[in-house]
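A.B. asks: here is my input; please provide its structure:
(3 chains)
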Amino acid sequence: MPELPEVETVVRGLAPLLVGRKVRKLEVLDPKLDLHPSRLPRNRMIRRVHRHGKEIIIDLSQRGKPQKPLWLCVHLRMTGKLIWTPPPSAPPERHLRARIALDRGDLLFVDARRFGTMRLMSDLAGAFPPGLDPLAPEFTPAALADLLEQSIQAIKPWLLRQDRLIGLGNIYASEILFAAKIPPTRPAGSLTPDEIRRLHRHTRHLLERAIKYCGTTFSDFRDERGRSGRFRRFLKVYGREDDPCRRCGRPVQRLVQQGRSTFCCPACQK
DNA sequence: ATTATATCCTGATCGC
DNA sequence: TGCGATCAGGATATAA
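C.D. replies: Next up is the predicted model:
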(Lines give C-alpha, C1' and ligand atoms only; values in the text may rest on other atoms or scores of the structure.)
Protein backbone atom coordinates (compact mmCIF):
# COMPACT_ATOMS: atom_id res chain seq x y z
CA MET A 1 0.00 0.00 0.00
CA PRO A 2 1.92 2.97 -1.19
CA GLU A 3 1.85 5.74 1.38
CA LEU A 4 4.00 8.85 1.53
CA PRO A 5 7.38 7.09 1.93
CA GLU A 6 6.68 4.64 -0.88
CA VAL A 7 5.49 7.39 -3.22
CA GLU A 8 8.53 9.49 -2.31
CA THR A 9 10.75 6.49 -3.08
CA VAL A 10 9.23 6.12 -6.54
CA VAL A 11 9.45 9.85 -7.23
CA ARG A 12 13.12 10.03 -6.24
CA GLY A 13 13.87 7.00 -8.37
CA LEU A 14 11.95 8.22 -11.39
CA ALA A 15 13.05 11.85 -11.44
CA PRO A 16 16.57 11.27 -12.82
CA LEU A 17 15.24 8.74 -15.31
CA LEU A 18 12.40 10.89 -16.63
CA VAL A 19 13.38 14.56 -16.42
CA GLY A 20 14.48 15.79 -19.84
CA ARG A 21 12.95 12.81 -21.64
CA LYS A 22 10.41 13.29 -24.39
CA VAL A 23 7.10 11.45 -24.54
CA ARG A 24 6.80 9.63 -27.85
CA LYS A 25 3.53 7.81 -27.29
CA LEU A 26 0.87 7.13 -24.71
CA GLU A 27 -0.85 3.77 -24.93
CA VAL A 28 -3.92 3.26 -22.77
CA LEU A 29 -4.68 -0.41 -22.29
CA ASP A 30 -7.30 -0.17 -19.56
CA PRO A 31 -10.43 1.62 -20.76
CA LYS A 32 -11.33 2.27 -17.14
CA LEU A 33 -8.60 4.91 -17.10
CA ASP A 34 -9.96 8.34 -17.89
CA LEU A 35 -7.04 9.10 -20.20
CA HIS A 36 -7.22 10.37 -23.73
CA PRO A 37 -3.94 9.93 -25.62
CA SER A 38 -4.98 12.73 -27.96
CA ARG A 39 -4.64 15.19 -25.09
CA LEU A 40 -0.92 14.50 -24.86
CA PRO A 41 0.92 16.27 -27.68
CA ARG A 42 3.79 14.36 -29.19
CA ASN A 43 7.32 15.00 -27.98
CA ARG A 44 6.38 16.88 -24.84
CA MET A 45 9.39 17.01 -22.54
CA ILE A 46 9.17 15.94 -18.91
CA ARG A 47 10.17 18.96 -16.82
CA ARG A 48 9.86 17.66 -13.31
CA VAL A 49 8.66 14.70 -11.27
CA HIS A 50 7.33 15.40 -7.81
CA ARG A 51 4.82 14.36 -5.19
CA HIS A 52 1.75 15.80 -3.52
CA GLY A 53 0.74 13.54 -0.67
CA LYS A 54 0.36 10.16 -2.31
CA GLU A 55 -0.02 11.60 -5.82
CA ILE A 56 2.83 11.43 -8.31
CA ILE A 57 2.96 14.47 -10.56
CA ILE A 58 4.83 14.40 -13.87
CA ASP A 59 5.11 17.94 -15.20
CA LEU A 60 4.78 18.12 -18.98
CA SER A 61 4.16 21.86 -19.11
CA GLN A 62 5.51 23.71 -22.10
CA ARG A 63 7.09 27.04 -21.32
CA GLY A 64 7.16 29.86 -23.84
CA LYS A 65 4.32 31.67 -25.51
CA PRO A 66 1.66 30.71 -25.01
CA GLN A 67 2.29 28.58 -21.94
CA LYS A 68 0.73 25.18 -22.17
CA PRO A 69 0.46 23.63 -18.75
CA LEU A 70 0.02 19.88 -18.61
CA TRP A 71 0.51 17.35 -15.88
CA LEU A 72 0.25 13.60 -15.76
CA CYS A 73 -0.95 12.68 -12.27
CA VAL A 74 -0.69 9.14 -10.98
CA HIS A 75 -2.17 7.74 -7.77
CA LEU A 76 -1.07 4.19 -7.03
CA ARG A 77 -3.84 3.47 -4.50
CA MET A 78 -3.46 -0.16 -3.41
CA THR A 79 -1.44 -2.10 -5.93
CA GLY A 80 -0.36 0.42 -8.55
CA LYS A 81 3.23 0.52 -9.75
CA LEU A 82 5.13 2.87 -12.01
CA ILE A 83 7.87 0.81 -13.59
CA TRP A 84 10.67 2.20 -15.72
CA THR A 85 12.18 -0.09 -18.30
CA PRO A 86 15.24 0.68 -20.41
CA PRO A 87 15.14 0.28 -24.17
CA PRO A 88 14.31 -1.89 -25.96
CA SER A 89 10.69 -2.21 -24.84
CA ALA A 90 10.15 -5.06 -22.40
CA PRO A 91 7.62 -7.82 -23.11
CA PRO A 92 4.09 -6.92 -22.02
CA GLU A 93 3.62 -7.22 -18.32
CA ARG A 94 0.64 -8.72 -16.51
CA HIS A 95 -1.83 -6.07 -15.34
CA LEU A 96 -0.35 -3.42 -17.61
CA ARG A 97 -2.81 -0.52 -17.74
CA ALA A 98 -0.85 2.12 -19.65
CA ARG A 99 2.51 2.48 -21.35
CA ILE A 100 4.30 5.74 -21.95
CA ALA A 101 6.98 5.34 -24.57
CA LEU A 102 9.83 7.82 -24.09
CA ASP A 103 12.72 8.77 -26.33
CA ARG A 104 14.75 6.50 -24.08
CA GLY A 105 12.94 3.75 -22.17
CA ASP A 106 9.32 3.19 -21.25
CA LEU A 107 7.23 4.08 -18.24
CA LEU A 108 4.68 1.38 -17.39
CA PHE A 109 1.62 1.76 -15.21
CA VAL A 110 0.92 -1.68 -13.78
CA ASP A 111 -1.94 -2.24 -11.35
CA ALA A 112 -3.53 -5.58 -10.47
CA ARG A 113 -6.51 -4.21 -8.55
CA ARG A 114 -7.14 -1.31 -10.92
CA PHE A 115 -7.87 1.13 -8.11
CA GLY A 116 -5.04 3.40 -9.21
CA THR A 117 -5.65 6.50 -11.28
CA MET A 118 -3.75 8.20 -14.08
CA ARG A 119 -5.01 11.56 -15.24
CA LEU A 120 -3.88 14.26 -17.65
CA MET A 121 -4.54 17.67 -16.16
CA SER A 122 -4.13 21.16 -17.60
CA ASP A 123 -5.04 22.74 -14.28
CA LEU A 124 -4.10 21.50 -10.83
CA ALA A 125 -6.44 23.78 -8.89
CA GLY A 126 -8.57 21.57 -6.69
CA ALA A 127 -6.95 18.43 -8.10
CA PHE A 128 -5.64 17.18 -4.78
CA PRO A 129 -6.86 16.85 -1.21
CA PRO A 130 -6.20 19.97 0.85
CA GLY A 131 -4.27 18.45 3.75
CA LEU A 132 -0.87 19.49 5.04
CA ASP A 133 2.22 17.52 3.99
CA PRO A 134 3.84 16.20 7.18
CA LEU A 135 7.31 16.68 5.68
CA ALA A 136 6.69 20.31 4.76
CA PRO A 137 8.24 22.99 7.01
CA GLU A 138 4.71 24.21 7.74
CA PHE A 139 4.05 20.99 9.62
CA THR A 140 4.83 22.15 13.15
CA PRO A 141 3.45 21.06 16.51
CA ALA A 142 1.37 24.23 16.54
CA ALA A 143 -0.04 23.54 13.06
CA LEU A 144 -0.85 19.98 14.09
CA ALA A 145 -2.54 21.24 17.25
CA ASP A 146 -4.71 23.57 15.15
CA LEU A 147 -5.77 20.73 12.89
CA LEU A 148 -6.59 18.42 15.77
CA GLU A 149 -8.53 21.00 17.70
CA GLN A 150 -12.22 20.28 18.27
CA SER A 151 -12.23 16.94 16.48
CA ILE A 152 -13.95 14.16 18.37
CA GLN A 153 -12.88 11.59 15.82
CA ALA A 154 -10.57 8.82 17.03
CA ILE A 155 -6.97 9.76 16.31
CA LYS A 156 -6.16 6.72 14.15
CA PRO A 157 -8.87 7.26 11.53
CA TRP A 158 -8.17 10.99 11.86
CA LEU A 159 -4.59 10.39 10.69
CA LEU A 160 -5.92 8.78 7.52
CA ARG A 161 -7.92 11.87 6.57
CA GLN A 162 -6.27 13.40 3.53
CA ASP A 163 -8.08 16.69 4.13
CA ARG A 164 -6.02 17.13 7.31
CA LEU A 165 -2.63 15.56 6.67
CA ILE A 166 -1.71 14.08 3.31
CA GLY A 167 0.32 10.96 2.77
CA LEU A 168 -0.44 8.76 5.76
CA GLY A 169 -2.07 5.38 5.26
CA ASN A 170 -2.98 2.39 7.35
CA ILE A 171 0.54 1.12 8.04
CA TYR A 172 2.19 4.34 9.19
CA ALA A 173 -0.87 5.56 11.11
CA SER A 174 -0.61 2.56 13.45
CA GLU A 175 3.18 2.77 13.63
CA ILE A 176 3.20 6.49 14.43
CA LEU A 177 0.71 6.08 17.28
CA PHE A 178 2.73 3.23 18.73
CA ALA A 179 5.92 5.28 18.56
CA ALA A 180 4.13 8.26 20.14
CA LYS A 181 2.55 6.03 22.80
CA ILE A 182 -0.95 7.27 22.04
CA PRO A 183 -3.98 4.94 22.07
CA PRO A 184 -5.58 4.83 18.60
CA THR A 185 -9.03 5.38 20.05
CA ARG A 186 -8.29 8.70 21.74
CA PRO A 187 -10.40 11.54 20.34
CA ALA A 188 -8.13 13.66 18.15
CA GLY A 189 -9.09 16.87 19.90
CA SER A 190 -8.33 15.45 23.34
CA LEU A 191 -4.57 15.07 22.86
CA THR A 192 -2.48 16.93 25.40
CA PRO A 193 0.23 19.36 24.25
CA ASP A 194 2.84 16.78 25.15
CA GLU A 195 1.06 14.08 23.14
CA ILE A 196 0.79 16.46 20.18
CA ARG A 197 4.53 17.12 20.35
CA ARG A 198 5.22 13.38 20.39
CA LEU A 199 2.78 12.77 17.54
CA HIS A 200 4.46 15.49 15.49
CA ARG A 201 7.97 14.27 16.21
CA HIS A 202 7.27 10.61 15.49
CA THR A 203 5.28 11.35 12.34
CA ARG A 204 8.27 13.20 10.90
CA HIS A 205 10.80 10.75 12.21
CA LEU A 206 9.03 7.61 11.02
CA LEU A 207 8.31 8.93 7.55
CA GLU A 208 11.88 10.09 7.11
CA ARG A 209 13.28 6.80 8.31
CA ALA A 210 10.94 4.83 6.07
CA ILE A 211 12.07 6.93 3.10
CA LYS A 212 15.68 6.16 4.01
CA TYR A 213 14.85 2.47 3.67
CA CYS A 214 12.91 3.03 0.42
CA GLY A 215 9.52 2.35 1.97
CA THR A 216 7.65 -0.66 3.29
CA THR A 217 6.82 -3.65 1.15
CA PHE A 218 4.10 -5.54 2.97
CA SER A 219 2.93 -7.45 -0.06
CA ASP A 220 2.67 -5.37 -3.19
CA PHE A 221 4.80 -2.26 -3.14
CA ARG A 222 7.64 -2.08 -5.66
CA ASP A 223 9.73 0.89 -6.72
CA GLU A 224 10.32 2.09 -10.29
CA ARG A 225 12.71 -0.78 -10.94
CA GLY A 226 10.57 -3.44 -9.28
CA ARG A 227 12.53 -3.52 -6.03
CA SER A 228 10.93 -4.02 -2.61
CA GLY A 229 11.14 -1.47 0.19
CA ARG A 230 13.25 -2.46 3.19
CA PHE A 231 11.37 -0.82 6.06
CA ARG A 232 9.09 -3.75 6.89
CA ARG A 233 11.56 -5.21 9.39
CA PHE A 234 11.27 -2.01 11.43
CA LEU A 235 7.49 -2.19 11.80
CA LYS A 236 6.58 -2.51 15.46
CA VAL A 237 2.85 -3.27 15.34
CA TYR A 238 1.37 -3.34 11.83
CA GLY A 239 0.48 -6.88 10.79
CA ARG A 240 1.72 -8.32 14.10
CA GLU A 241 -1.54 -9.28 15.83
CA ASP A 242 -0.89 -11.55 18.84
CA ASP A 243 2.87 -11.29 18.33
CA PRO A 244 4.85 -9.93 21.31
CA CYS A 245 5.16 -6.17 21.54
CA ARG A 246 8.75 -5.22 20.82
CA ARG A 247 8.74 -2.90 23.84
CA CYS A 248 6.91 -4.84 26.55
CA GLY A 249 6.40 -8.34 25.19
CA ARG A 250 2.65 -8.37 25.59
CA PRO A 251 0.57 -9.37 22.55
CA VAL A 252 -0.07 -6.77 19.90
CA GLN A 253 -3.77 -6.13 19.49
CA ARG A 254 -5.76 -5.65 16.31
CA LEU A 255 -8.94 -3.64 16.32
CA VAL A 256 -11.17 -2.38 13.54
CA GLN A 257 -11.85 1.33 13.22
CA GLN A 258 -14.06 2.53 10.39
CA GLY A 259 -13.64 -0.80 8.70
CA ARG A 260 -9.84 -0.67 8.77
CA SER A 261 -7.42 -2.68 10.87
CA THR A 262 -5.56 -0.82 13.57
CA PHE A 263 -2.64 -2.42 15.39
CA CYS A 264 -1.49 -1.29 18.80
CA CYS A 265 -0.05 -2.31 22.12
CA PRO A 266 -2.66 -1.54 24.79
CA ALA A 267 0.02 -1.62 27.49
CA CYS A 268 2.44 0.79 25.81
CA GLN A 269 -0.20 3.11 24.37
CA LYS A 270 -2.11 4.50 27.34
C1' DA B 1 -19.33 16.98 12.07
C1' DT B 2 -18.83 12.19 12.27
C1' DT B 3 -20.08 7.37 11.61
C1' DA B 4 -21.36 3.37 9.06
C1' DT B 5 -21.80 1.19 4.80
C1' DA B 6 -21.23 0.29 -0.03
C1' DT B 7 -18.41 0.64 -4.08
C1' DC B 8 -14.44 -0.09 -6.85
C1' DC B 9 -11.19 -4.56 -7.91
C1' DT B 10 -8.44 -8.90 -7.90
C1' DG B 11 -4.94 -11.86 -5.72
C1' DA B 12 -4.18 -14.48 -1.74
C1' DT B 13 -5.80 -17.32 1.70
C1' DC B 14 -8.90 -20.38 4.21
C1' DG B 15 -12.27 -23.91 5.23
C1' DC B 16 -14.49 -27.69 3.34
C1' DT C 1 -7.65 -30.11 -6.52
C1' DG C 2 -11.07 -27.02 -6.57
C1' DC C 3 -14.61 -24.05 -5.07
C1' DG C 4 -16.84 -20.32 -2.81
C1' DA C 5 -16.33 -17.07 0.92
C1' DT C 6 -13.54 -13.73 3.02
C1' DC C 7 -9.99 -10.36 3.50
C1' DA C 8 -6.75 -6.67 2.24
C1' DG C 9 -7.39 -1.12 2.08
C1' DG C 10 -7.07 4.25 -0.56
C1' DA C 11 -10.53 7.04 -1.79
C1' DT C 12 -15.17 8.55 -2.67
C1' DA C 13 -20.19 8.54 -2.31
C1' DT C 14 -24.25 8.21 0.18
C1' DA C 15 -27.19 7.49 4.03
C1' DA C 16 -27.88 7.89 8.94
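A.B. asks: could you list the low-confidence segments of chain A?
C.D. replies: The model of chain A has pLDDT under 70 over residues A:65.
A.B. asks: now do the helices in it.
C.D. replies: A:4-18, A:141-148, A:155-159, A:170-179, A:193-212 (DSSP state H).
A.B. asks: pick the most deeply packed of the ones you listed.
C.D. replies: Scoring the helices of chain A by mean neighbour count under mean count of other Cβ atoms under 10 Å gives helix A:170-179 as the most buried, with a mean of 25. All C-beta spots, glycine's among them, are computed from the backbone N, C-alpha and C.
A.B. asks: any part of that helix near DNA strand C?
C.D. replies: Yes. Applying Cβ under 7 Å from any atom of the strand, one finds helix A:170-179 in contact with DNA strand C at A:Asn170, A:Ile171.
A.B. asks: would you pull up how far that helix lies from the middle of the chain?
C.D. replies: 15 Å (Cα atoms, centre = their mean, to the nearest Å).
A.B. asks: check whether it contacts DNA strand B.
C.D. replies: No. Helix A:170-179 lies out of reach of DNA strand B by Cβ under 7 Å from any atom of the strand, never closer than 13.2 Å.
A.B. asks: what parts of chain A come near DNA strand C?
C.D. replies: A:1, A:3, A:53-54, A:75, A:77-78, A:113, A:115, A:129, A:160, A:162, A:169-171, A:260-261.
A.B. asks: the helices of chain A: which one's closest to A:Asp30?
C.D. replies: helix A:4-18 (19.4 Å; Cβ to Cβ).
A.B. asks: distance between that closest one and the chain's centre?
C.D. replies: A distance of 11 Å separates the centroid of the chain from that of helix A:4-18, by Cα atoms, centre = their mean.
A.B. asks: what's the answer for stretch A:121-132, then?
C.D. replies: 15 Å.
A.B. asks: quick check: buried residues in it?
C.D. replies: Neighbour-count burial for stretch A:121-132, counted by 16 or more other Cβ atoms under 10 Å, picks out A:Met121, A:Phe128, A:Pro129, A:Gly131, A:Leu132.
A.B. asks: between these, which is nearest A:Thr192?
C.D. replies: Checking the buried residues of stretch A:121-132 one by one against A:Thr192 (Cβ to Cβ), the nearest turns out to be A:Leu132, at 20.7 Å.
A.B. asks: save the buried residues of stretch A:121-132 as JSON lines, and put in distance to A:Gly249 too.
C.D. replies: What follows is the buried residues of stretch A:121-132, written out as JSON lines (distance: Cβ to Cβ, whole Å):
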{"residue": "A:Met121", "distance to A:Gly249": "50"}
{"residue": "A:Phe128", "distance to A:Gly249": "42"}
{"residue": "A:Pro129", "distance to A:Gly249": "39"}
{"residue": "A:Gly131", "distance to A:Gly249": "36"}
{"residue": "A:Leu132", "distance to A:Gly249": "36"}
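A.B. asks: that's all I had, so thanks and see you.
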